[in-house]
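Participant: Sequence first, then the predicted structure, then my questions.
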Amino acid sequence: MSKVLNLSISTVSKSLSDSSEISKPTKDRVRDFAKQCNYIPNSFAASFRKGYTNTIGLVIPNIINPFYANVLSGIEKQLDKNGYKLITSISYESLEKESKSLKNMSAGYIDGLIICPSKEAEIKNDYNHINSLLDQGIPVVTFDRICEGINCDRVIIDDYKTSFVTTKHLIEEKGCKNIIMTSLIDGLQHGKLRAKGFDDAIKDNKVKSISLIADNVEDLKKKLKVILKNDLSIDGVFGITEQAVVQAIHVIRDLKPKRLNKNIAIAGFCNQEQANYNPTLIVVNQNAEEIGVEAAKLALERIKKEGKKTFFTKTIAACFL
């Protein structure tokens, strides 16, 4: 382009980037020619020359769970407002998949990373792949899962308090006397905090309870069905994950005729869409989109102040509907 227009490469580049150093006639001449040639600027190449990419990496465990989809939505909206792009990868709870994604992203493609570490990484307490990005000077923000082995900014909810308050609501407002808690994340820190919140609310109010822990959805469903068939005194279920809540809804719906239509109150960490199928469901809303917005804000702030060593934990208020 520079040869055809008899202009220096620098003049062409500055014209395309609307530099104030170049006159309007020259800019118009360069842009008109670029348009005729269907020229598309290479944003990545330009970013490398400037030393940044204006791109944030995001790694989430899955996209099926509406929680992660809403977090992604919040992140994307905030980054878009600030002229940043987003590269997203799904770990499928695999440490190996997560490590590969971070290796690819860190090869000059991102200015910062937002991540909900995989279940396998947290259980094994293996965060070397994440800490290597921090060692490279790439800012990292974690969300949802509490990983003490990563020294970075994070966005969470108060899992203990939210669980305690929701369980108390089942007891005091719904009149539950025998509540079963269902969990698929007993090995994760936020799962333990939610379970403790449940247990402490039960002890404070002196009612009966059962804690049902399972490794997978099918196992949870099977165990829950057996318990509900054999113990007709159970009048409440508290699910501490989306899948735990969904399975409780399915099992109770299938068993309802055999339980003489006795109502069982259901509460849990899920999304408002579940209430469309069960209007009586008490939804613990984690405000996922707000978590995404705050995670993006922290990432952008860290990029601007990369030398700052004080890290922040932003706690988002959850509520039940």
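Facilitator: Sure, I can see it.

Participant: how's this structure carved up into domains?
Facilitator: As given by automatic domain parsing, the domain ranges for the chain are 2-41, 52-144+288-320, 159-285.

Participant: Out of those domains, flag the one nearest I150.
Facilitator: If you check each of the domains of the chain against I150 by C-beta to C-beta, domain 52-144+288-320 wins as the nearest, at 5.1 Å. Using the backbone N, CA and C atoms, a C-beta is placed for each residue, glycine as well.

Participant: quick one on the thing from earlier: now tabulate the domains of the chain in a markdown table and tack on distance to N151.
Facilitator: Shown next, in a markdown table, are the domains of the chain (distance: least, C-beta to C-beta, whole Å):
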| stretch | distance to N151 |
| --- | --- |
| domain 2-41 | 37 |
| domain 52-144+288-320 | 6 |
| domain 159-285 | 16 |
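
Participant: do you know which of those domains lies nearest D153?
Facilitator: With C-beta to C-beta as the criterion, D153 lies closest to domain 52-144+288-320 of the domains of the chain, at 4.4 Å.

Participant: average model confidence for the closest one?
Facilitator: Mean pLDDT, domain 52-144+288-320: 93.

Participant: chain center to that domain, what's the gap?
Facilitator: Chain-centre distance of domain 52-144+288-320: 8 Å, with C-alpha atoms, centre = their mean, to the nearest Å.

Participant: do the same with stretch 25-36
Facilitator: Mean-position distance between stretch 25-36 and its chain equals 44 Å (C-alpha atoms, centre = their mean).

Participant: and S89, what are its bridge partners?
Facilitator: Beta-bridge partners for S89, by DSSP bridges, are V59.

Participant: That one: neighbouring residues, count only.
Facilitator: S89 has 17 neighbours, counted by other C-beta atoms under 10 Å.

Participant: you'd agree Y277 is up against I252?
Facilitator: No. Under the criterion of C-beta atoms under 8 Å, Y277 makes no contact with I252, lying 11.9 Å away.

Participant: Test for you: state the pLDDT assigned to R154.
Facilitator: We have a pLDDT of 97 for R154.

Participant: so which helix or strand takes in it?
Facilitator: strand 153-157 (DSSP states H and E).

Participant: on that earlier part again, would you mind telling me which of the domains of the chain is nearest C152?
Facilitator: domain 52-144+288-320 (4.3 Å).

Participant: Can you list the neighbours in contact with stretch 93-110?
Facilitator: With contacts defined as C-beta atoms under 8 Å, 6 or more residues apart in numbering, stretch 93-110 is touched by 44, 48, 53, 55-57, 59, 61-62, 87, 89-91, 113, 115, 117-121, 124, 126, 129-130, 132-133, 136, 138.

Participant: still on that earlier bit, counting neighbours, go ahead and name the busier of Y277 and I252.
Facilitator: Neighbour count, other C-beta under 10 Å: between Y277 and I252, I252 has more, with 20 against 11.

Participant: Can you list the buried residues in the one helix or strand V246 maps to?
Facilitator: Here V246, judged by DSSP H and E, is contained in helix 242-255. Neighbour counts over helix 242-255 (16 or more other C-beta atoms under 10 Å) mark E242, Q243, A244, V245, V246, Q247, A248, I249, V251, I252 as buried.

Participant: any idea of the mean pLDDT in that helix?
Facilitator: 90.

Participant: Closest one to L232 out of the buried residues of helix 242-255, please.
Facilitator: Of all those, L232 sits closest to I252, with 12.5 Å by C-beta to C-beta.

Participant: any idea how far T280 is from that closest one?
Facilitator: Distance from I252 to T280, counting by C-beta to C-beta, to the nearest Å: 11 Å.

Participant: Inside strands: which ones of the contacts of stretch 93-110?
Facilitator: Counting by DSSP state E, the contacts of stretch 93-110 place T55, I56, G57, V59, I87, S89, I90, L113, I115 in strands.

Participant: now those residues as CSV including distance to S183?
Facilitator: Output for the ones in strands among the contacts of stretch 93-110, formatted as CSV (distance: C-beta to C-beta, whole Å):
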residue, distance to S183
T55, 36
I56, 32
G57, 30
V59, 24
I87, 32
S89, 27
I90, 23
L113, 28
I115, 23
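
Participant: If you rank those by neighbours, which is first?
Facilitator: Neighbour tally across the ones in strands among the contacts of stretch 93-110 (other C-beta under 10 Å): the maximum, 31 neighbours, falls on I115.

Participant: Could you check the helix or strand just after the strand holding R154 and say which residues are buried?
Facilitator: Note on strand 153-157: by DSSP H and E, the next helix or strand toward the C-terminus is helix 159-172. Across helix 159-172, burial judged by 16+ other C-beta under 10 Å covers D159, Y160, T162, S163, F164, V165, T166, T167, K168, H169, L170, I171.

Participant: I'd like the average pLDDT over helix 159-172.
Facilitator: Here helix 159-172 scores 96 as its mean pLDDT.

Participant: for the buried residues of helix 159-172, which one is nearest H190?
Facilitator: Once C-beta to C-beta is applied, the member of those that ends up nearest H190 is D159, at 4.7 Å.
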